[in-house]
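K.L.:
pasting a predicted model and its sequence here:
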Amino acid sequence: MAIAYDSTGSGPPLVLLHGLGSRREVWDPVVGTLARERRVIAVDVPGFGDSPPAPIVPSAEGYAAHLERWFAEQGLERPHVAGNSMGGGIALELARRGSVASVTAVSPVGFWTRRECSYARGSLRASRAIAARIRPAIPALLSTAAGRAVLFAQTFGRPWRMSPEEAVATIDAFIKAPSFDAAADAFGGYRFGDPEALRGVPVTVAWGTRDALLIPRQAARARRMLPWARHVPLHGCGHVPFHDDPETVAGVLLAGSG
């Protein structure tokens, strides 16, 4: 299977899955800490980053089945998995299939209402269209901390902590992802359900208190649906929290995969 990934460190394998329109490098701020205790495998989900689209429906279930086959191909027997946003939904479906040793879902999709889902997908589509339209001006806009704060306010709690180069690469991955529209459509129908099916898998759900895309009241729904799971608020963090507070997030991921 043509899936791009980076592997570093040693220990129990921990697979990292990014969100819609993102790429594996989004995890870079926490990888160094994780790699001291885990073999960290950061994946570009098919149709994003450097991974070409796969011949599947790009839904939570479709990606979970595809990655399950990739795990077998890579000799990964029930790895630990962490996912953000779309990746969190995929990770939870992998747990439902019994394919993982543990799941840490960071602001996962699926705990939204229909209106909240429409808002999130519509916001991302509008942001992507605007970014594509103003792409020639993006490097200048992102060269300042104020510019990064404005352009990434919905997804990052502290976007000024990204370097200008990281910010431009993040925008480019967002604009260019070939499976963005198909995945956005497929995930529009996704609702997390049947939580009892995950009872045999350790689950951690972490949510940024400043998440402006999947608003934190969705974390309360996750807590009600998965009362036996570990629930962690990420104070001051946004929807994509890895630059916001790398030390705290890495600690949550290590504890969740322990």
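P.N.:
That came in fine, so what should we check first?
K.L.:
need phi/psi at the residue lying closest to His243 once chain neighbours are set aside.
P.N.:
Leaving aside its sequence neighbours, His243 sits nearest to Arg161 (C-beta to C-beta, 6 or more residues apart in numbering; 4.6 Å). (C-beta placed from N, C-alpha, C; glycine too.) With angles defined as degrees, to the nearest 10, Arg161 sits at phi -80, psi -20.
K.L.:
stretch 208-219: which residues count as buried?
P.N.:
Buried residues in stretch 208-219, counted by 16 or more other C-beta atoms under 10 Å: Gly208, Arg210, Asp211, Ala212, Leu213, Leu214, Ile215, Pro216, Gln218, Ala219.
K.L.:
do stretch 49-60 as well
P.N.:
Gly49, Ser51, Ala54, Ile56, Pro58, Ser59, Ala60.
K.L.:
sorry, back to before: return the member of the buried residues of stretch 208-219 nearest to Leu16.
P.N.:
The nearest member of the buried residues of stretch 208-219 to Leu16, counting by C-beta to C-beta, is Gly208 at 16.8 Å.
K.L.:
for the closest one, give me the pLDDT.
P.N.:
Gly208 carries a pLDDT value of 97.
K.L.:
neighbours around Ile130, how many?
P.N.:
For Ile130, the neighbour count with other C-beta atoms under 10 Å is 11.
K.L.:
hmm, I was thinking of Ala255
P.N.:
Neighbour tally, Ala255, other C-beta under 10 Å: 15.
K.L.:
now do the same for the residue nearest to it when sequence neighbours are not counted: helix, strand or coil?
P.N.:
Spatial nearest neighbour of Ala255, chain neighbours left out: Thr204 (7.2 Å); criterion: C-beta to C-beta, 6+ apart. Secondary structure, DSSP: H, G, I helix; E, B strand; the rest coil: Thr204 is strand.
K.L.:
does Thr204 touch Leu226 like I think?
P.N.:
No. The criterion here is C-beta atoms under 8 Å, and Thr204 misses it with Leu226 at 9.7 Å.
K.L.:
okay, and the common contacts of the two?
P.N.:
Residues touching both Thr204 and Leu226 (C-beta atoms under 8 Å, 6 or more residues apart in numbering): none.
K.L.:
quick one on the thing from earlier: tell me the contacts of the residue nearest to Ala255?
P.N.:
So Thr204 contacts Ser102, Val103, Thr104, Ala105, Ala229, Arg230, His231, Val232, Val252, Ala255, Gly256 (C-beta under 8 Å, 6+ apart).
K.L.:
ok, 7 Å please
P.N.:
By C-beta atoms under 7 Å, 6 or more residues apart in numbering, the contact set of Thr204 is Thr104, Ala229, Arg230, Val232, Val252, Gly256.
K.L.:
try Gly49
P.N.:
Applying C-beta under 7 Å, 6+ apart, the residues contacting Gly49 are Ala4, Arg23, Arg24, Ala173.
K.L.:
buried ones among those residues?
P.N.:
Buried, going by 16+ other C-beta under 10 Å: Ala4, Arg23, Arg24, Ala173, out of the contacts of Gly49.
K.L.:
low-confidence regions, the stretch 51-200 of the chain specifically.
P.N.:
Along the stretch 51-200 of the chain, segments meeting pLDDT under 70 are nowhere present.
K.L.:
could you pull out the strands for it?
P.N.:
80-84, 102-106 (DSSP state E, counting those that start in this stretch).
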